[in-house]
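# Give the three-dimensional model of this entry:
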Amino acid sequence: MSKRMPGRFKFFFGGTALGALIGYYLSKSKQLKEWSPITSSKEKEWPPRVPIHLEYPGPINDAFPRKAYYASYNRRLRHPNWVFEHLTKDSLQIGENVDRKFSKFQEDPEIPAKFNVKLVDYFKSGYDRGHMAPAADARTSQEALNETFYLTNIAPQVGNGFNRDYWAFLEGFCRRLVRQDLFTDVYVFTGPAYLPYEDKEDGKWYVKYQLIGNPPNVSVPTHFFKVILAVKEDNGPSGKLYALGCFLLPNQYIPHDTPLTDYVVPLDALERATGLRFFENVQEKTVPLCEEIKCVLVPPSKWIDSNSREKLLTDQGPKD
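As a prediction, the model looks like this:
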């Protein structure tokens, strides 16, 4: 089996061999010009380039601008890399006759069939179809709401105690940041993460995750993150206050009374784990969100009595 040698190595051929090699490439020069993206005959042909009409194989991360969010979809893992939202009081208004009952989960027609998530992939999988951009954030129009049900905005989440509970509480927390006039603008990146664990037997670290579907090709994340940049007017030099909150939650049952601050992580650590960069241009200007306000979640009435819930709603405000 021949080996492709790096361009930095020089090879020397004697007499006949060198002449034959040069002759071969000269004989092919006309053919090469027909398909090669190289326009100059003097330009080096290393590193090798894929002919334009043959295309590169990828990877391709599909980007979708929607009415209420922007998504980057991973064709291999078959869920979003991340989803971005900009929340304001106006963006959270509910349009006339907009109702979730008219929405349904649907396969994204913009994804090639072989890379698309199918509705049947979640059937009897044991996992919920978890929104990355929440449906409750996109009710300005029925179209905006419907777009949150594309499976390109969905990832497998544990249902009881997570997607239907603690994760939903966190989504509500983000909305209250603007609804309670704590901030004027809230920018949110949401997405999956795959974190390693240490094997107790051999002491080595592994990343292990389940696949669902038939064939099994939809990856189940071990964790999910929300990176929140909350902005409001300020008397400082820039005229703006930027508060940054970075939360990383395991994809598992979480007791409803677990403090949200238990899941605060350094932004640098999350970036290393995901390979993503968040709010790079303003990172140095930010203050910790949970030092600027009280980061508390508010469970629905099925979990706590109305008086306790009202107190929690009051508590989510600026710190003294």
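
# check contacts around V218.
L77, R78, H79, V117, D121, Y122, P156, L211, I212 (CB atoms under 8 Å, 6 or more residues apart in numbering). Using the backbone N, CA and C atoms, a C-beta is placed for each residue, glycine as well.

# between these, which is nearest P237?
H79 (40.8 Å; CB to CB).

# For the stretch 201-320 of the chain, which segments count as helices?
Along the stretch 201-320 of the chain, counting by DSSP state H, counting those that start in this stretch, helices occupy 267-274, 289-292, 306-315.

# Deepest in the core, which of the ones you listed is it.
helix 289-292 (a mean of 18; mean count of other CB atoms under 10 Å).

# Show the model's pLDDT score for N160.
Looking at N160, its pLDDT reads 97.

# thinking again about what came up before, tell me which two in the contacts of V218 are the farthest apart.
Farthest pair in the contacts of V218, by CB to CB: L77 and Y122, 14.7 Å.

# Spit out the contact partners of the nearest residue to W303 once chain neighbours are set aside.
Nearest non-adjacent residue to W303, counting by CB to CB, 6 or more residues apart in numbering: H256, 4.9 Å away. Neighbouring residues of H256 by CB under 8 Å, 6+ apart: G161, D165, Y166, F169, L297, P299, W303, I304.

# In a strand, the fourth one, correct?
What that stands for is F169. No: with DSSP: H, G, I helix; E, B strand; the rest coil as the criterion, F169 is located in helix rather than a strand.

# pretty sure it is in contact with V296, am I right?
No: look at F169 against V296 with CB atoms under 8 Å: they stay out of range, at 9.5 Å.

# Please name the nearest non-neighbouring residue to F225.
L248 (4.9 Å).

# Could you measure from the one you found over to V178?
Distance, L248 to V178, by CB to CB, to the nearest Å: 23 Å.

# Can you give me the neighbour number for D137?
Using other CB atoms under 10 Å, D137 is surrounded by 22 other residues.

# My guess is T190 contacts L87. True?
No: counting by CB under 8 Å, T190 sits too far from L87 to count as a contact (11.6 Å).

# Settle it for me: which of these two has more neighbours?
Set side by side, T190 and L87 show more neighbours around T190, with 28 against 21, by other CB under 10 Å.

# Pull up the per-residue confidence for the more buried one.
99.

# Helix or strand: which one has it?
strand 185-193 (DSSP states H and E).

# Run the angle between that strand and helix 267-274 for me.
Counting by axes from the mean of the first three to the mean of the last three CA atoms, to 10 degrees, strand 185-193 lies at 40 degrees to helix 267-274.

# returning to that earlier point: ChimeraX command for the buried members of the contacts of V218?
Only the buried entries of the contacts of V218 go into this ChimeraX selection, using 16 or more other CB atoms under 10 Å:
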select :77,78,79,117,121,122,156,212
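
# Output the contacts of V218 in JSON lines; the columns should cover distance to A135 and secondary structure.
Output for those, formatted as JSON lines (distance: CB to CB, whole Å; DSSP: H, G, I helix; E, B strand; the rest coil):
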{"residue": "L77", "distance to A135": "22", "secondary structure": "coil"}
{"residue": "R78", "distance to A135": "20", "secondary structure": "coil"}
{"residue": "H79", "distance to A135": "17", "secondary structure": "strand"}
{"residue": "V117", "distance to A135": "17", "secondary structure": "coil"}
{"residue": "D121", "distance to A135": "20", "secondary structure": "helix"}
{"residue": "Y122", "distance to A135": "16", "secondary structure": "helix"}
{"residue": "P156", "distance to A135": "17", "secondary structure": "strand"}
{"residue": "L211", "distance to A135": "26", "secondary structure": "strand"}
{"residue": "I212", "distance to A135": "22", "secondary structure": "strand"}
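
# With respect to C174, which of the contacts of V218 is nearest?
When the contacts of V218 are compared against C174 (criterion: CB to CB), the nearest one is H79, at 19.9 Å.

# what about the residue nearest to that closest one when sequence neighbours are not counted, is that helix, strand or coil?
Nearest residue to H79, sequence neighbours excluded (CB to CB, 6+ apart): A155, at 3.9 Å. What three-state DSSP gives for A155 is strand.

# Report how many residues lie close to A155.
For A155, using other CB under 10 Å, the count is 29.

# I'd assumed A133 was in contact with it.
No: with contacts counted by CB under 8 Å, A155 stays clear of A133, the gap being 11.3 Å.

# in stretch 164-174, what's buried?
D165, Y166, W167, A168, F169, L170, E171, G172, F173, C174.

# check contacts around the residue lying closest to the fifth one once chain neighbours are set aside.
Ranked by CB to CB, 6+ apart and with sequence neighbours excluded, the top spatial neighbour of F169 is L297, at 4.0 Å. Listed by CB under 8 Å, 6+ apart, the contact partners of L297 are Y166, F169, L170, G172, F173, H256, L260, L312.
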